[in-house]
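K.L.:
Next input, structure requested:
(one chain, ligands or ions: 1)
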Amino acid sequence: MSLRIRRSGEVFCAALAEEEDGDMYIDDNLHYYLSVEKEVLRTYPEPEHTEKGGQWFWRHEAPEGMQDNFGTFRGVCFDCGIPYSGAKWVEAVIPDNVWNDIRPKGSAEGCGLLCINCIAGRLSEIGYREVPVWLCGTEPLIAMQGDPASRIDCSKESLETGDK
Ligand SMILES: [Zn+2]
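P.N.:
Reported below is the predicted structural model:
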């Protein structure tokens, strides 16, 4: 998900709001940082998010009705509910046209949230095969290509002192 900030300071989901003169565009990475890591941006859970035009709010300016979402609303997988901000989330990105065939009902084009397992499940259900996937921001994992038999050494960094 990416965002646009209007000259007025209002923030919208880029896929749900038409571009206007003077918009500042915020890409996925910065959006993730602001909404998940720093939690300074908030919005309504779906389907309200889409119904209300994809508006996001700076934490200190969020409307009364949204106060309940503070601390309770975090992005979760639409199908299984695992949290986007959790340690088990593996960020998987698939081509936009494929995503639009499986994205959760009620979410706008390019929006919505599914974990990698539920993405695979939905793809299988409708007969997709060999869909390319990009894995990004998946710490502690890094995506590799090629034969898994050609293993490289991994180490546990600073989790256990005295580890060689
Ligand atoms: Zn899921």
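
K.L.:
Please make it C-alpha for all contacts and neighbour counts, starting now.
P.N.:
Fine.

K.L.:
near the ion, which residues of this protein show up?
P.N.:
The interface of the chain toward the ion, taken as Cα under 5 Å from the ion, is made up of 77, 80, 115, 118.

K.L.:
will you turn those residues into TSV that also has neighbour count and pLDDT?
P.N.:
Output for these, formatted as TSV (neighbours: other Cα atoms under 10 Å; pLDDT from 0 to 100):
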residue	neighbour count	pLDDT
77	20	84
80	11	83
115	23	91
118	16	95
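
K.L.:
Please flag which of those sit within helices.
P.N.:
Cross-referencing those against helices under DSSP state H gives residue 118.

K.L.:
Point out where the protein drops to low pLDDT.
P.N.:
Residues of the chain that meet the criterion pLDDT under 70 lie in 46, 64-74, 106-108, 150-152, 154, 157-164.

K.L.:
domain assignment for it?
P.N.:
The record assigns the chain these domain ranges, following automatic domain parsing: 1-73, 74-157.

K.L.:
Alpha carbons of stretch 123-135, as CSV, please.
P.N.:
Taking C-alpha atoms only, stretch 123-135 is exported to CSV below (Å, rounded to 0.1, in the frame of the first residue of the first chain):
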residue,chain,number,x,y,z
LEU,A,123,-4.1,-18.8,-5.9
SER,A,124,-4.5,-22.6,-5.8
GLU,A,125,-8.2,-22.3,-5.4
ILE,A,126,-8.6,-20.4,-8.6
GLY,A,127,-6.0,-22.4,-10.5
TYR,A,128,-3.0,-20.1,-10.7
ARG,A,129,0.4,-21.8,-11.0
GLU,A,130,4.0,-20.6,-11.0
VAL,A,131,3.2,-17.1,-9.8
PRO,A,132,6.4,-15.1,-9.2
VAL,A,133,6.7,-13.8,-5.6
TRP,A,134,9.0,-11.3,-4.1
LEU,A,135,9.9,-11.7,-0.5
